[in-house]
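Peer 1: Requesting a structural model of the entry that follows:
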Amino acid sequence: MIYKAHIGPVRCIKWYDDDSGFISGGWDGNVYFWNLYSDKKDPNDVNPKPPYSLKNQQFASVANKPDSKTIAYVAGVDKTIRTI
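Peer 2: Down below sits the predicted model:
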């Protein structure tokens, strides 16, 4: 499988607890939520989900909330932590 969306280097990934997907954060200021097994019949199940994007930000680390596939914590190189 090929997962392409970032326009810059990917700095960090974090797998979901059940290994059904992952979250990626990159130097381009985007954080994406990816599913390994998407439902092609469901038009709302897109891969990747629309990104969390922050201009002029580079993400150094991502972590997901335990047992959640929609809430993540991201740390930027500006030394701030955000909940998305």
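
Peer 1: what bridges to Ala72?
Peer 2: For Ala72, the beta-bridge partners are Asn64 (DSSP bridges).

Peer 1: Is Asp67 in a helix, a strand, or coil?
Peer 2: The three-state label given to Asp67 by DSSP: H, G, I helix; E, B strand; the rest coil is coil.

Peer 1: Test my guess that it contacts Asp17.
Peer 2: Yes. The pair Asp67 / Asp17 is scored as a contact, 6.0 Å apart, by Cβ atoms under 8 Å. Bear in mind the C-beta positions are built from the backbone N, C-alpha and C, glycine included.

Peer 1: Which one of those two is surrounded by more residues?
Peer 2: More neighbours surround Asp17 than the other of Asp67 and Asp17, with 12 against 9 (other Cβ atoms under 10 Å).

Peer 1: Got the phi and psi for the more buried one?
Peer 2: phi -60, psi -30 (degrees, to the nearest 10).

Peer 1: list the contacts for it?
Peer 2: Listed by Cβ atoms under 8 Å, 6 or more residues apart in numbering, the contact set of Asp17 reads Asn64, Pro66, Asp67.

Peer 1: Tell me who's in contact with the first one.
Peer 2: Residues near Asn64 by Cβ under 8 Å, 6+ apart: Lys14, Tyr16, Asp17, Ile23, Ile71, Ala72, Tyr73.

Peer 1: Next: Lys65.
Peer 2: Lys65 touches Ile71, Ala72, Tyr73, counting by Cβ under 8 Å, 6+ apart.

Peer 1: what's the closest of the contacts of Asp17 to Pro51?
Peer 2: Asn64 (15.0 Å; Cβ to Cβ).

Peer 1: how about low-confidence regions in this structure?
Peer 2: Filtered on pLDDT under 70, the chain yields the residue ranges 39-46.

Peer 1: separation between the closest residue to Gly8 other than its chain neighbours and Lys14?
Peer 2: In space, Gly8 comes closest to Asp28 once its chain neighbours are excluded; the distance is 3.7 Å by Cβ to Cβ, 6 or more residues apart in numbering. Counting by Cβ to Cβ, to the nearest Å, the separation of Asp28 from Lys14 is 17 Å.

Peer 1: This completes my enquiry, with thanks.
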